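Chemist: what follows is a predicted structure for the sequence shown.
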Amino acid sequence: MTVEQLYTNCLSEAAYFITSNGEAAVIDPLRDYQTYIDMAEKAGVKIKYVFETHFHADFVSGHIDLSSKTGAQIIYGPNAKTDYTIYEAKDGEKFKIGNCEIEVLHTPGHTPESSCYLLHDEEGKPYSVFTGDTLFVGDVGRPDLFGAKITKEELAEMLYDSLNNKIKKLNDDVIVYPAHGPGSSCGKNLGKETFSTIGEQKKLNYALKQMTREEFIEEITSGLSAPPAYFPLNAQINKNGYSPLDEVMSRNSKALEVVEFEKEINNGALVLDTRNPEEFENGFVKGAINIGLNGRFAEWVGTLIAINQPLLLITSKGKEEETILRLARVGYENVKGYLSGGYNTWMNAGKPLDMVLTIDAEEFELDLKHEKDIIVVDVRKESEYDAGHIENAENCVLQNFDASISDLNSSDRLYIHCQGGYRSMIAASILKRKGFDIVKNIKGGYLEIVKQGIPVEISQPSLN
């Protein structure tokens with residue numbers, strides 16, 4: 001028996017590939033299905049089942065394509081109703097994979113259909129549990145993403161029962177394999193590890209500590225930030241079905257010449273530049289938004305851009321297919337094409353350009369001392385801002401940027417920073433697109449500001 005975790009950092013997502021005696025199962029696959037087919041061929045096994053822990057909100061699963069390509073049966077737990085063919089398993093039902101068995105544990109709470117899968121080894125001993133978004137390392141799945149008639153308090157109550165009646169009763173040595181790791185918006189504050197054990201989580205996970213039902217509901221439902229806008233849309237895609245990935249890749253992978261590219265801009269398409277911030281700042285198509293492939297690309301696209309917005313791509317050489325695939329992972333399929341030859345083609349054609357002036361922390365310190373009417377825009381989350389920020393800095397959280405910058409004027413002198421530089425370039429590009437001309441990006445963000453010794457302050461906690 002083998003269990004392999006396939007972890008994708010930019011989505012903080014973990015899929016699993018299980019093999020035994022010539023058969024395999026995949027749990028919570030990403031949309032790029034070929035990875036799992038290649039693994040099966042290399043191992044000389046047949047994929048028998050695709051298990052889904054729930055209707056994922058943060059990515060489009062690869063279950064439908066993988067089933068179509070391999071003949072594997074799609075398994076969901078109880079209460080999962082879809083517009084395509086699945087097997088809706090019963091609580092406690094077991095499925096054979098070679099000499100092993102996977103047992104369904106219905107654990108509603110994150111969503112009504114959420115289920116964990118308990119893997120029994122060749123001797124029949126419980127070996128590991130694939131917890132989906134029910135249990136993370138150090139956290140549990142938030143109960144406010146379902147978006148239907150069930151309230152987050154009702155789902156939190158279900159989660160309380162699932163954890164106490166199913167999860168906490170497992171043996172301490174059972175390995176916990178969750179669907180997400182640190183950085184995921186599916187929980188409040190996930191731990192840094194991507195797997196654990198039941199025993200460790202009983203000791204360290206706040207949600208598994210002894211508390212009353214009422215205390216648990218209060219704890220789980222408080223302090224929840226707004227989820228990315230694309231979450232409910234992805235959940236519906238996973239429930240209703242989607243176009244085959246091969247069709248999406250073929251339709252969207254169109255190399256456009258400058259004239260065609262410009263025509264699409266005039267028709268309302270948004271230019272998405274996926275180069276690293278260091279490349280983007282030196283020159284870009286006027287009006288383009290920068291979300292670099294070197295960060296949490298798909299999540300930021302889903303947070304800041306409407307899912308049906310027509311897109312045009314500027315990428316680094318050879319990154320066109322990767323960009324289109326990573327967009328498709330979160331359901332963004334309305335790509336009109338990419339600019340043949342990339343940014344240099346546009347520049348050489350003499351088309352409208354723009355740039356972002358980037359300064360280091362030393363120059364920023366000098367400007368703070370000698371320049372007037374500077375507005376410092378800190379685009380980090382509120383929790384980051386509260387932990388330390390420049391005096392009088394405006395906290396314009398990037399997750400809600402349009403509303404955050406509503407009090408700024410296009411004539412303001414703006415100095416933008418985040419924690420390390422990735423988010424601030426996204427923000428700077430949005431400001432440029434909106435007509436803000438005096439925008440300076442602080443290289444290295446808050447980390448470099450602190451190193452430079454620029455005075456910062458910590459927000460005082462509210463007494464309410």
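Modeler: Structure received.

Chemist: now Ile74, nearest residue through space, not along the chain?
Modeler: Excluding its sequence neighbours, the residue lying closest to Ile74 (C-beta to C-beta, 6 or more residues apart in numbering) is Ile86, at 4.5 Å. (C-beta placed from N, C-alpha, C; glycine too.)

Chemist: sorry, slip of the keys, the one I care about is Ala43.
Modeler: Nearest to Ala43 is Thr19, by C-beta to C-beta, 6+ apart, at 5.6 Å.

Chemist: which pLDDT value belongs to that neighbour?
Modeler: pLDDT for Thr19: 98.

Chemist: what's the helix or strand for it?
Modeler: strand 13-20 (DSSP states H and E).

Chemist: Ile167 contacts Leu208, doesn't it?
Modeler: Yes - taking contacts as C-beta atoms under 8 Å, Ile167 lies within contact range of Leu208: 7.4 Å.

Chemist: the more surrounded of these two?
Modeler: Ile167 (25 against 20; other C-beta atoms under 10 Å).

Chemist: ranges for the helices of the stretch 51-200 of the chain?
Modeler: 63-70, 152-162, 198-204 (DSSP state H, counting those that start in this stretch).

Chemist: picking up where we left off before, relative to His54, how far out is the residue nearest to Ala43?
Modeler: Distance of Thr19 to His54, given as C-beta to C-beta, to the nearest Å: 24 Å.

Chemist: now do Thr151
Modeler: With distances taken as C-beta to C-beta, Thr151 is found 18 Å from His54.

Chemist: so the two - more neighbours on which side?
Modeler: His54 (31 against 13).

Chemist: what's the closest non-adjacent residue to the more buried one?
Modeler: Nearest non-adjacent residue to His54 (C-beta to C-beta, 6+ apart): Ser114, at 4.2 Å.

Chemist: what is the burial count for that neighbour?
Modeler: Using other C-beta under 10 Å, Ser114 has 30 other residues around it.

Chemist: list the contacts for it?
Modeler: By C-beta atoms under 8 Å, 6 or more residues apart in numbering, the contact list for Ser114 reads 53-54, 77, 106-108, 132-134, 141, 162.

Chemist: rerun that using 7 Å as the cut-off
Modeler: Neighbour list for Ser114: 53-54, 107-108, 132-134 [criterion: C-beta atoms under 7 Å, 6 or more residues apart in numbering].

Chemist: ok, now which ones touch Thr323?
Modeler: Counted by C-beta under 7 Å, 6+ apart, Thr323 has contacts 274, 293, 313, 315.

Chemist: I'd like to know which elements the host helix or strand of the third one is packed against.
Modeler: Under the criterion of DSSP H and E, Leu313 resides in strand 311-314. Using 3 or more C-beta pairs under 7 Å, 6 or more residues apart in numbering; DSSP states H and E as the contact criterion, the secondary-structure elements in contact with strand 311-314 are helix 258-266, strand 270-273, strand 335-339.
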